[in-house]
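In: what shape does this take:
(one chain, ligands or ions: 2)
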Amino acid sequence: MSDNLVIAPSILAADFSRLADSARAVEGAADWLHVDVMDYHFVPNLTIGLPVVQSLRRATTLPFDCHLMIADPARWATDYAEAGAYNVTFHAEAATDPVAIAKDLHAAGSRAGLAIDRDTPVDGYLDLLPHFDLLLIMTIKAGFGGQAFLPELLDKVRTARRHIDTGHLELRIEVDGGVAEDTIAACAAAGADTFVAGTAVYGAQDPAAAVRKLRGIAADN
Ligand code: DX5
Ligand code: ZN
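Out: Ligands and ions are numbered 1, 2, ... in the order given. Alright, predicted model coming up:
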């Protein structure tokens with residue numbers, strides 16, 4: 001699996017006055033740039049929205065992995081696809097018809113991801129996975145960077161990995177929250193192949209070196 005790993009630094013942990021420089025700092029090391037969109041409603045935090053994504057899209061060659069923590073993804077998700085996002089992930093808890101949104105995203109030219117927050121069991125969503133390219137399992141409660149990793153949430157990764165492998169489905173399992181040098185091995189062992197890391201990358205002296213280190217650890221599992 002090691003050549004199939006994706007490391008996606010989360011720009012949420014970067015200096016917001018230097019977003020373009022922060023994106024470029026991981027070019028050549030990272031696979032995707034994870035962009036956390038929070039709306040002050042679905043989560044209590046407010047981060048960045050469409051105009052910033054549109055501007056940042058022109059500033060880096062990295063594919064964007066947009067993680068929408070917003071209350072009305074049916075209304076907004078395709079705008080991020082049209083802004084040039086490679087993948088757009090929205091939360092299961094915020095969607096009344098997740099499959100319809102996935103279809104809209106595909107029609108708008110992006111991949112579609114489904115996110116499962118800390119308190120949501122994954123089981124009820126397994127049957128929807130053929131419509132998606134990515135399943136994001138939160139390893140914290142969505143809303144803020146810098147929280148402690150919750151290892152018990154890896155049970156959901158194991159459940160999803162078993163389901164995907166036995167069903168011969170092709171989709172990525174992404175983990176997000178507290179992913180760092182001391183936790184990424186457990187994520188990979190549980191079956192994740194796509195890793196978001198905010199603090200562990202942008203809190204490091206050399207963000208690109210931090211990405212390479214994380215990839216090395218994940219690849220050993
Ligand atoms: C939080 C976001 C994460 C966040 C992770 O809700 O979805 O992407 O940036 O930050 P760290 O890696 O610091 O936990
Ligand atoms: Zn995220």
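In: distance of the residue of the chain positioned farthest from its centre relative to Ala189?
Out: No residue in the chain sits farther from the centre than Thr166, which is 23.5 Å out by Cα atoms, centre = their mean. Per Cβ to Cβ, to the nearest Å, Thr166 is found 18 Å from Ala189. To be clear about C-beta, it is placed using only N, CA and C from the backbone, and glycine gets the same treatment.
In: circling back: for the residue farthest from the centre of the chain, give its distance to Asn4.
Out: 19 Å.
In: so which strand or helix has Ala189?
Out: helix 184-190 (DSSP states H and E).
In: check which helices and strands that helix sits against.
Out: Packed against helix 184-190 by the contact rule (3 or more Cβ pairs under 8 Å, 6 or more residues apart in numbering; DSSP states H and E) you find helix 154-166, strand 194-197, helix 207-219.
In: between these, which one is closest to ligand 1.
Out: Proximity to ligand 1 (Cβ to the nearest ligand atom) singles out strand 194-197 among those, at 4.8 Å.
In: my read: Ala59 touches Ser22, true?
Out: No - Ala59 is beyond contact range of Ser22, at 9.8 Å (criterion: Cβ atoms under 8 Å).
In: out of these two, which sits in the more crowded spot?
Out: Ser22 (22 against 13; other Cβ atoms under 10 Å).
In: was I right to think Ser110 contacts Tyr86?
Out: Yes - taking Cβ under 8 Å as the definition, Ser110 is a contact partner of Tyr86 at 6.4 Å.
In: who are the contact partners of Gly178?
Out: 139-140, 147-150 (Cβ atoms under 8 Å, 6 or more residues apart in numbering).
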